[in-house]
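A.B. asks: would you be able to build a 3D model of this:
(2 chains)
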Number of protein chains: 2
Amino acid sequence: MTSEKASSPSLLRGAQFSGENCMANHSSDIAASDVGELARERKNSALSVPKITNIIYGQDLREKMHYVYQLVVSHSLFKDSNNYWWIDNKQRYLQACATAEEFVKLIRLYKLHLDDDYLSVLQLLAGEDFFILLHLTMFLPAMKSLADPEQLKEWLPLAEDFRILGTYAQTEIAHGSNVGGLQTTADLDCRTDEWILNTPNLHAIKWWPGGLAKSCTHCVLMARLRIRGKDYGVHPFFLQVRNLENHESLKGIYLFHIGQKLGYNGMDNGGMQLQNVRIPRTHLLMRFYHVDKAGNYKTVGNTKLLYSTMTYTRKQIIWAAGCQLARGIVIAIRYSAVRRQFPSAIDTSSSTSMPSESQVLDYLSQQFMLFPLLSTAIAFCICGRWVHGAYKKLMEESKVGVLERLTEMHCLTSSLKATMSMIVIDGLETCRKCCGGHGFQLAAGIPLILASYLPQATYEGDFVILSIQAGRLLLRTVEKKMKNKFLPYPEENSMQYIYEFDPFDETSEIPEGDAWLSDKSWLLKIFKRRANVLIYKAAQLFSSTLAEDSNMLTALDYVKIELTKITKAHAHVLVLTQFQNQCQLLKEDSTTSTIFNALCDLYALYWIYEAFGEFVFTRALSADHYETVLHRIKELLKIIRPHAIPLADAFSLPDYLLNSALGRYDGNVYEALFNSVRNEPLNECDITEGYYRNIQFILHPERKQLSIAKL
Amino acid sequence: MTSEKASSPSLLRGAQFSGENCMANHSSDIAASDVGELARERKNSALSVPKITNIIYGQDLREKMHYVYQLVVSHSLFKDSNNYWWIDNKQRYLQACATAEEFVKLIRLYKLHLDDDYLSVLQLLAGEDFFILLHLTMFLPAMKSLADPEQLKEWLPLAEDFRILGTYAQTEIAHGSNVGGLQTTADLDCRTDEWILNTPNLHAIKWWPGGLAKSCTHCVLMARLRIRGKDYGVHPFFLQVRNLENHESLKGIYLFHIGQKLGYNGMDNGGMQLQNVRIPRTHLLMRFYHVDKAGNYKTVGNTKLLYSTMTYTRKQIIWAAGCQLARGIVIAIRYSAVRRQFPSAIDTSSSTSMPSESQVLDYLSQQFMLFPLLSTAIAFCICGRWVHGAYKKLMEESKVGVLERLTEMHCLTSSLKATMSMIVIDGLETCRKCCGGHGFQLAAGIPLILASYLPQATYEGDFVILSIQAGRLLLRTVEKKMKNKFLPYPEENSMQYIYEFDPFDETSEIPEGDAWLSDKSWLLKIFKRRANVLIYKAAQLFSSTLAEDSNMLTALDYVKIELTKITKAHAHVLVLTQFQNQCQLLKEDSTTSTIFNALCDLYALYWIYEAFGEFVFTRALSADHYETVLHRIKELLKIIRPHAIPLADAFSLPDYLLNSALGRYDGNVYEALFNSVRNEPLNECDITEGYYRNIQFILHPERKQLSIAKL
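C.D. replies: The predicted structure is shown next:
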């Protein structure tokens, strides 16, 4: 007897969802009041949503977002119903393939991938990564930066027209961060003018490249270049992995899927083993290296540029960080406005009527968790846009050989990527918790957003790795100062404030009274002082440790904890600077300006409060300021509260991107949640196989004997 | 054409896994050295693992764990292969049903559920919750505490023998924390002597009860008791929901699955609508309330005891918190010892041989993330055991009517549950990140552990709700002192330190020099001072706010942020006290004692460092101590490093419970990870349906025209 046959009339097949019984009648009344909640909030705020959207994204970008969004919608890509709550991971991949096909059609039609702005917007609106995005944001940039002009002429048109689909195959099962330690080999066979590629051992198996499992036809392969036994280190090769006619994996190339992940399962991350795979000598990517027929090796051009392409993906993560956090914030704020819990006044009468309950968003504890994150999401959007622009400028300069900004850009992208990705993860989890129990359901939206965002804190350098890189550059700035060397572009250089700091300046001498709490220049000064003192102290500790034990790596290891702190402190200076600059562009007396200034101050004060120990230690503030800061934060929360819903709306995130029953624009939360269970596979019948196989024998152990006897 | 037919020879069907080609030969060499890593670590430490296990769990509990574990293993329950990495959520539920049947067999055989210690151990060893555990840890305790003797006589034997399976149906779709706001109704029909149960509207649908969707036959239903139109508030009822013969849901009871969650999908959380369901009047659970035939309502006995049963589930969460965190810690520490990344010395030669790499566990940055969590997991185990004992004592006292400890126990379990569950979540996520990219794969183990642990921070009161409850009791202690009322049991009362504090004591007057950093009494004093000053200041702020605006709820809301701080501060005092007490029981000069004292000090100093702002603000420490504390932390990390693997081993967590390719006892990490992909459904063939349906048309758009033409 199977459960299919035995299914009893269940709610999900019955009339309850179709509005024919008492339930539906009751529910529509209440649903109407839920919906009313957000409409009322919107009506009660004088903020202009389009104005705020413009400030968050900048007019140029907002227009591009709107343009691409219209295309996406008119091509029925990413439909609202495409909600992913029920499908298993295999289906999730197949769904990504279907999306990919539509996606490519759109891109081909409008050439969207040839403009970095449109590409970034597309990536954002896609919501989740899949192989086409990797092809566009990793394979294409890698090819452009690593291939020589002749190679580009041959391969780039194919790649840009999606006639080949590529990925970037660097990480191995036992090697990630230390690229120099990769073990895949490429030996030159001079007789045949070919490279012989091999996976020499288990540790060298390629592991993680997105799309490599099932989707891609090509990859940039990182392998140790060896000529006549001499190892020249890790180099990039152009490698075809699948037959272009029938998609079969090629001889000697073993491709497989590395298995399920916590999220991000639309992406088919792959593994690869190579066994005596032969490719032409000319498939070494030769912009920076050259090997001739005779096996002569030489480097070509300025390898500093290798460096610049590594920052591209980090820049993309920084650019999108604000919007990613906003997805959680918008859901949590809207749901908190609809959700009511606990009476708003103590019911002293013993009357039987139930007292009305408060909107959860009215609780200070909820505001304290959500509004600082709201301000952070806005801050990240504004700062991300600035980095996007700075990167563009750098790329243009580098075309004419100007590379002076490279170091600053590397420090900036490392600090911001490390700091922002960690804050987004913690922030999304806070938003999830702010939705209470329902926040744990996939239908809440945040779980899948969070789970798929998590790897961004790890790939392209995790917090520790990037802190070491950024931290060393920050220490080097101190060193430069000590040696009286100047920084390039001092007027624009984001590290100049470190150079200008006087380490003998003992405190920041906060004036008495509370005026400094809303004085932007004071707030920024406090953040700079905190960063500077931490940086100078770390520099000091590093050199004294090095003096004791001349081993450079030991000394570096000893200050790694400090490097993570200075990286974070530097990132906050960068973000606050941009947020404040944006505020100064607003007219002083408008509501918009008042609210934006409140958000900007809240950003500053919240992150002061969070790391208060560092601010006191660095004499940026004194212990007594702790209460003052919290008091002012509470005032700001109250200022922001009436405008929370329009502010959330201003991120302009369409419902399909939130993919949430709780965060819908219309606020129809409970009905959406209730309706969402229609598609749950376990609701196909009242009694599951689990009953027939197991539960009945728990309840009636004697049936087991019977069923055994029957056998 | 389907992918099945077209599949080409793939790695997973080929010889690569069977050891027949070069790959397998190479890999076995390297795998052997991976395995050697942990063996070497174990050999190099003089710590006795069994001794440490005894200290962590206490001998009595350790023996019970061992006994139950042997039973579990000998009954082949929770086999290593039972790894859940590949199955979808529906299968996960069916697997839970299969486990449940075996589980119940074991319990029936050994009567394990009749002893709270054995039950707790079983719950721990089960790894993940499912309906049987809820039956045992929520339904049975609720019945025991809410039913009167006559009811118990009838229903308890059935429940204890699993002839009925129950759950606890309280939460509704629009009501969780505010129990008083539940809307399900129970109206007395005096003519038939029955209750009529109804779900009056969408908001009142029961939502979340574990096992209610598909597994349970009964529940304790919380509903508003109404007699002749008068509403007596929310009361517990005994309700059968499914037919015991064939498991069909009963008339008027609509049961459904509420849908997929981020984790915890073995549990079938359910929804329920009730439509004119009639149950006998005597199915009101009548220990504390009584309604007679004529509809006369009265309360019976001491309702304070209602309170005591609410703490049971919190106690269970506290008891298990250390082990839950340990699951992540053990995986991350073992993997960090096997994982090597970056050369251990700078390679100044230009030799082609690759320099050897460092164990990631040797990096200070990694130790700083993992060892404080290791000490925290141990601290939580020790403190959890103490709470377990205190609760037992309370229950015995309450049997003879002694209820004086109730308030303290409520404050203690609220503070600890709130604080520990948040730390475990953040800690597990840190452990996951410490495993780098691989930490994101389900095969790493931590993702599923984390995802399934998440709800523990929300259910039974989330951090904010419990902080308000605990915080108010802490404020009340100050009030008692001001009114010269004593606390009960002052010698043993865990809140007595608050009572004894002198608010006019200006600082903690840390002595000069560094001796205090390893002085247990100083460290505890600092934690107590921090908690006390925060508590007294919050009490002050609360009364001054109340004086300004006499609305009690407004005043309470205004100090909620402070209440979360004092709750956390109080919890740390409780944990540190127990950890230090445990250290004092060790012989002073043994290695065990040295390491345990280091761990205990690390626990204290790390959490000082984390909340340094609070310690400075409360004058427990001064700003200059920031560097001293970090310096001492670094020393302690070095002391602990050589013993990290035995310390991880000492948690005695079997491989099946870690369910991790990275955290295996044998350290055979990469081979396990590589082999894990065998079961990935997408590896069944080289070419997936995604190619035939979509990818081929991306690569060859002209085929689309062809395929359309064919139609």
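
A.B. asks: residues of the stretch 201-350 of chain A that sit close to chain B?
C.D. replies: Residues of the stretch 201-350 of chain A found near chain B (CB under 8 Å from any CB of the partner chain) are A:201-203, A:205, A:208, A:213-215, A:217, A:229-231, A:244, A:246-249, A:254-264, A:268, A:271, A:273, A:275, A:339-346. (Each C-beta comes from the backbone N, C-alpha and C, glycine too.)

A.B. asks: of those residues, grab the buried ones for ChimeraX.
C.D. replies: Buried residues among those (16 or more other CB atoms under 10 Å in any protein chain shown), as a ChimeraX selection:
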select /A:201,202,203,205,208,213,214,215,217,247,248,249,254,255,256,257,258,259,260,261,262,263,264,268,271,273,275,339,340,341,342,343
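
A.B. asks: how about low-confidence regions in the stretch 201-350 of chain A?
C.D. replies: Within the stretch 201-350 of chain A, the ranges that satisfy pLDDT under 70 run A:306-309, A:345-350.

A.B. asks: strands along that one, start to end?
C.D. replies: A:206-207, A:218-227, A:230-240, A:253-257, A:270-274, A:277-280, A:289-291, A:297-299, A:340-343 (DSSP state E, counting those that start in this stretch).

A.B. asks: so what are the sheet partners of the second one and their directions?
C.D. replies: Strand A:218-227 pairs in its sheet with strand A:166-169 (parallel), strand A:185-189 (parallel), strand A:230-240 (antiparallel), by DSSP bridges.

A.B. asks: what comes up buried for the shortest one?
C.D. replies: By neighbour count on 16+ other CB under 10 Å, the buried set for strand A:166-169 is A:166-169.

A.B. asks: how far does that strand sit from its chain's centre?
C.D. replies: Its chain's C-alpha centre and that of strand A:166-169 lie 20 Å apart, by CA atoms, centre = their mean, to the nearest Å.

A.B. asks: quick one on the thing from earlier: just the strands paired with strand A:218-227: most buried one?
C.D. replies: strand A:166-169 (a mean of 28; mean count of other CB atoms under 10 Å in any protein chain shown).

A.B. asks: is it fair to say residue A:703 lies in a helix?
C.D. replies: Yes: using DSSP: H, G, I helix; E, B strand; the rest coil, the secondary structure at residue A:703 is a helix.

A.B. asks: now the terminal residues of stretch A:43-54, how far apart.
C.D. replies: Distance between the two ends of stretch A:43-54: 20 Å, counting by CA to CA, to the nearest Å.

A.B. asks: so which bits of the stretch 51-200 of chain A are right by chain B?
C.D. replies: So far as CB under 8 Å from any CB goes, the stretch 51-200 of chain A lies against chain B at A:85-86, A:88-90, A:93-94, A:96-98, A:100-101, A:104, A:108, A:132, A:162-165, A:171, A:173-178, A:180-181, A:183, A:199-200.

A.B. asks: just the buried residues of those residues.
C.D. replies: Here, 16+ other CB under 10 Å leaves A:85-86, A:88-90, A:93-94, A:96-97, A:100-101, A:104, A:132, A:162, A:164-165, A:171, A:173-177, A:181, A:183, A:199 buried among those.

A.B. asks: so which of those residues belong to helices?
C.D. replies: Residues of these located in helices (DSSP state H): A:89-90, A:93-94, A:96-97, A:100-101, A:104, A:132.

A.B. asks: which of these sit farthest apart?
C.D. replies: The largest separation in these, counting by CB to CB, is between A:89 and A:104 at 22.7 Å.

A.B. asks: residue A:583 is nearest to which of the strands of the stretch 201-350 of chain A?
C.D. replies: Using CB to CB, the strands of the stretch 201-350 of chain A put strand A:340-343 closest to residue A:583, at 34.0 Å.
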